[in-house]
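model this:
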Amino acid sequence: MKITVVAVVGGKKTGKTTVTENLTRELTRRGYRVAAVKHISEPDFTMDKEGKDTWRFAQAGAKTIVGISSGEIATIEKANTEKFSLEDILEKCRNSDVIILEGFRKLVSMNDDVLKIAVLKSAEDASEAEKSFAPLLAFAGLSPLAIAESKAPYVNVLKNAERLADLVEKIVKEKNS
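I've put the predicted structure just below:
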C-alpha cells in the first residue's frame, strides 16, 4: 500500500491536535496503520528527562537510545534537526498507511505530495490558507464556520470526524487502485 501523507496546519490554539487526534482515531478504527508526527516548536524540548538512564546514555555519547517497557518502545535519536527534510521524517514512519503531520507549515506548504487540512478559527483565515497550502483537502475546526467560495469542504471535527476520514480514505483508495 502506498503511504498517504496528510498535514494538519493552522495557527496556534486553532485545534490542530484535536483534529489530528480525531482523524487518527477514525482512520485507526477503519483498520489503517496511522503514524502521527508532531512538530514541537519549543527550542529545548526533550522527551528524555535529566537523571534517567536513557538521559545518562545520551550524556555518555549514544546517538540512538531505545527504551523498551512492557507496553511500548521509545527511540530517542540525538541529532541536529534544523535541516531535517520531509523525506527524513517520512522515513521514520515507513510502516504506516497514513502519516499525519501536525504542524510543519514551512516544510509542507506547497508540497503537492502532501494533502493539507487547514484548521481555522475564523472564515477569514480560509482565503489565506488556500493561498498558502496546496493541495487543500479540507478546512477543519472545532466549531461551525461558513466558508464562502471554496473548493475545499469545511468539517467540524468534533461533530463529524468521520467525514474528514472519508476524504482521506478516498485519496488512499485512489492512490492504491
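
Every contact and neighbour count from this point should use C-alpha atoms.
OK.

mind showing which ranges of the protein have poor pLDDT?
Applying pLDDT under 70 to the chain flags residues 146, 148-149.

at 50 what do you get?
Residues of the chain meeting the criterion pLDDT under 50: none.

Quick check: most distant residue from the centroid of it.
The outermost residue of the chain, judged against the average C-alpha position, is residue 60 (32.4 Å), by CA atoms, centre = their mean.

show me the contacts for that residue.
Not one residue lies near residue 60 by CA atoms under 8 Å, 6 or more residues apart in numbering.

The spatially most central residue of the chain and residue 87, how far apart?
With distances taken as CA atoms, centre = their mean, the residue of the chain nearest its centroid is residue 101 (1.8 Å). Applying CA to CA, to the nearest Å, the value for residue 101 to residue 87 is 12 Å.

Using CSV, write out every CA atom in stretch 43-57.
Output in CSV follows, covering the C-alpha atoms of stretch 43-57 (Å, rounded to 0.1, in the frame of the first residue of the first chain):
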residue,chain,number,x,y,z
PRO,A,43,13.7,25.0,21.2
ASP,A,44,15.0,23.0,24.2
PHE,A,45,12.2,20.4,24.3
THR,A,46,13.3,16.8,25.1
MET,A,47,11.3,13.7,25.9
ASP,A,48,14.3,12.5,27.8
LYS,A,49,14.5,13.5,31.5
GLU,A,50,17.7,14.5,33.2
GLY,A,51,19.0,11.8,35.5
LYS,A,52,17.1,9.0,33.9
ASP,A,53,19.1,6.1,32.5
THR,A,54,18.3,7.0,28.9
TRP,A,55,19.5,10.5,29.5
ARG,A,56,22.7,9.1,31.1
PHE,A,57,23.3,7.0,27.9
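
Show me what that stretch is in contact with.
65-67, 76.

Just the buried ones from the residues you listed?
65, 76 (16 or more other CA atoms under 10 Å).

now, the most widely separated pair of the contacts of stretch 43-57?
The most widely separated members of the contacts of stretch 43-57, counting by CA to CA, are 67 and 76 (8.2 Å).

elements contacting the lengthiest helix in the chain?
With secondary structure taken from DSSP state H, the chain has its longest helix at helix 157-175. Secondary-structure packing of helix 157-175 (3 or more CA pairs under 8 Å, 6 or more residues apart in numbering; DSSP states H and E): strand 4-10, helix 16-29, strand 136-141, strand 154-156.

residues making contact with that helix?
With CA under 8 Å, 6+ apart, helix 157-175 has contacts from 2-4, 6, 18-19, 22-23, 26-27, 98, 137-138, 140-143, 155.

Show residues contacting the helix or strand containing residue 116.
Residue 116 is part of strand 114-119, with elements assigned from DSSP states H and E. Strand 114-119 has contacts (CA under 8 Å, 6+ apart) with 4-11, 14-16, 19, 108, 126, 129, 133-141.
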